[in-house]
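Participant: here's a sequence, model it:
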Amino acid sequence: MSGHSKWANIRRKKEKSDAKRGKIFTKLGRELAVAVREGGPNPDTNNKLKDVIAKAKAANMSNDNIMRSIKKASGEAGNVTYDEVLYEGYGPSGIAFMVEAMTDNRNRTAAEIRHVFDKSGGQMGQSGSVAWMFERKGVLIVEKTEGTDEDTVMMAALEAGAEDMQSEEDVFEIQTVLTAFGGVRTALEEQGMNILSAELEWIPQSRVDVDGEASEKLEKLIDMLEDSDDVQSIYHNANIDA
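Facilitator: A predicted model of the protein is given here:
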């Protein structure tokens, strides 16, 4: 499996300042609200909500805050009007970006994202302008625990339809095609494995090595995008640490 580590990205967010962490919790609250609206407040019957809860826990969001967000969304489900929107564009050095957002005002968010790209020396593109460089895939993060053997995890994942797996210091990162995502997650859960994160992501088909000043510009663009309350996830095709 090539490219950046999803788990490393989660850790990066966990290491943000308190102010940044508060913004992350606000974004997670939106994701919880949308998941409740679409499938109800019970994670046992709502896989999307189950995945967002795992994501929130990985970001150190407390159980009390998670439950409070779910209860609030349950009582106000009819008033939740966030739309999920995908923006595409090019950053410095021609790096391709896919930006997922949740917004209650598409015009405001589009203008904000366009301003960020322009200010960073990039350009927001039309729908489909960079999507062809990415593939939509499932990414699952499984915790390494005592007795969790790499061969066992890999065999279970591959038999359920996973494409690839890589081992990191304390987790396994598993990649699947969309049609196998749910089956792989279920197979791992049935074997008692602890899934820390399960999400659908935009995975670049190839990456571009970037370093020096170009790397700094890209990091600045990513930080500016993350500062937007509406931006939920950012994907790109750069190897920034190259």
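
Participant: from here on, contacts and neighbour counts on C-alpha atoms
Facilitator: Will do.

Participant: so, low pLDDT: which residues of the protein?
Facilitator: Across the chain, the stretches falling below the confidence threshold (pLDDT under 70) are 1-22, 76-80, 241-242.

Participant: how is it carved up into domains?
Facilitator: The chain breaks down by automatic domain parsing into domains covering 6-79, 83-132+206-239, 134-204.

Participant: mind giving me CSV with these and columns for mean neighbour count?
Facilitator: Supplementary listing: those in CSV, determined by neighbours: other CA atoms under 10 Å:
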stretch, mean neighbour count
domain 6-79, 17
domain 83-132+206-239, 18
domain 134-204, 18
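
Participant: in this structure, which spans are strands?
Facilitator: Secondary structure of the chain (DSSP state E): strands at 83-90, 96-103, 123-125, 134-143, 162-167, 171-177, 195-204, 208-209, 231-236, 238-239.

Participant: now the angle from the longest helix belonging to the chain to strand 83-90?
Facilitator: Taking DSSP state H as the assignment, the helix of the chain that covers the most residues is helix 18-39. Here the directions of helix 18-39 and strand 83-90 differ by 120 degrees (axes from the mean of the first three to the mean of the last three CA atoms, to 10 degrees).

Participant: from V153, how far off is the residue of the chain most remote from its centre?
Facilitator: For the chain, the largest distance from the centre (CA atoms, centre = their mean) belongs to G147, which lies 28.1 Å off. Per CA to CA, to the nearest Å, G147 is found 11 Å from V153.

Participant: over to Y87?
Facilitator: Following CA to CA, the distance that separates Y87 from V153 is 35 Å.

Participant: now do M98 against S74, distance only.
Facilitator: As for M98, its distance to S74 is 30 Å (criterion: CA to CA).

Participant: same question for M224.
Facilitator: M224 sits 32 Å away from S74, going by CA to CA.

Participant: swap in N42?
Facilitator: Note on N42: its distance to S74, by CA to CA, is 10 Å.

Participant: for K55, what are its contacts?
Facilitator: Applying CA atoms under 8 Å, 6 or more residues apart in numbering, we find K55 in contact with 196-198.

Participant: once you drop chain neighbours, what's closest to S197?
Facilitator: In space, S197 comes closest to I141 once its chain neighbours are excluded; the distance is 5.0 Å by CA to CA, 6 or more residues apart in numbering.
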